[in-house]
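Novice: Task: produce atomic coordinates for the following.
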Amino acid sequence: MEPVRRRLLVETAFVLGVLVKGLDGLVELAAGTALLVLHQDRILALTRAAVAEELREDPHDLVAHVLLNEAAGLDHGAALAGGLFLLLHGVVKVVIVAALLAGSRRVYPWAVGALSVLLAVQIVQLVLSPGVGVVALVLLDALILALTWHEWRIIGRSFHDAWRSVVHGWFPRASPPASPSTDG
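Specialist: Numbering: from 1, shown residues only. Just a heads-up that it's a prediction; the model follows:
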């Protein structure tokens with residue numbers, strides 16, 4: 001693959017990874033809040049409603065059944081612990097992504113540090129309860145961490161500059177090429 005195309009794919013993966021982390025953080029905030037404020041019966045009813053269509057299409061859907069089993073077995077202590085865990089994860093991710101979107105390169109060390117801690121927590125989760133989903137999350141987060149490190153330490157530009165470079169790379173007439181940021 002030609003170097004310019006490879007660079008564009010790496011930049012695109014970084015930009016999309018940051019945006020996905022932001023969406024993931026918002027979902028975690030919503031789920032954590034729901035676990036903290038809703039009664040377990042309501043959580044089970046919402047879970048049933050959320051997976052009903054999938055179970056109509058495929059009565060043996062593994063993800064739907066796992067979600068239902070988790071919701072059915074949820075007690076107050078587990079809901080509290082899960083809610084707090086999700087809120088913490090969500091807040092950290094949303095704050096980091098918001099700071100990156102604001103355009104400052106100064107947030108990169110904090111982003112790398114927070115992503116490293118979150119990745120370490122996920123690795124512990126993987127050791128304690130291995131599963132394909134946890135492996136996928138660990139690999140995805142390790143990739144996003146590596147891309148964030150690369151953008152910060154190797155490339156040295158802001159998220160805005162990476163965004164502009166990606167847009168210009170895929171849609172050359174949309175914007176001028178990005179210049180390196182002077183934000184320190």
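Novice: for stretch 52-62, which positions count as buried?
Specialist: Residues of stretch 52-62 classed as buried by neighbour count (16 or more other CB atoms under 10 Å): none. Quick note: C-beta positions are derived from backbone N, CA and C, even for glycine.
Novice: nope, stretch 20-39 is what I was after
Specialist: Within stretch 20-39, the residues that count as buried by 16+ other CB under 10 Å are Lys21, Gly22, Asp24, Gly25, Glu28, Leu29, Ala31, Gly32, Ala34, Leu35.
Novice: tally of neighbours for the residue lying closest to Val107 once chain neighbours are set aside?
Specialist: With CB to CB, 6 or more residues apart in numbering as the criterion, Val107 has its nearest non-adjacent residue at 3.8 Å, and that residue is Ala99. Look at Ala99: counted by other CB atoms under 10 Å, it has 16 neighbours.
Novice: The helix or strand Ala98 falls within packs against which elements?
Specialist: Assigned by DSSP states H and E, Ala98 belongs to helix 76-102. If contacts are counted by 3 or more CB pairs under 8 Å, 6 or more residues apart in numbering; DSSP states H and E, helix 76-102 sits against helix 3-37, helix 40-57, helix 108-128.
Novice: Tell me what angle that helix forms with helix 3-37.
Specialist: Angle, helix 76-102 to helix 3-37, by axes from the mean of the first three to the mean of the last three CA atoms, to 10 degrees: 140 degrees.
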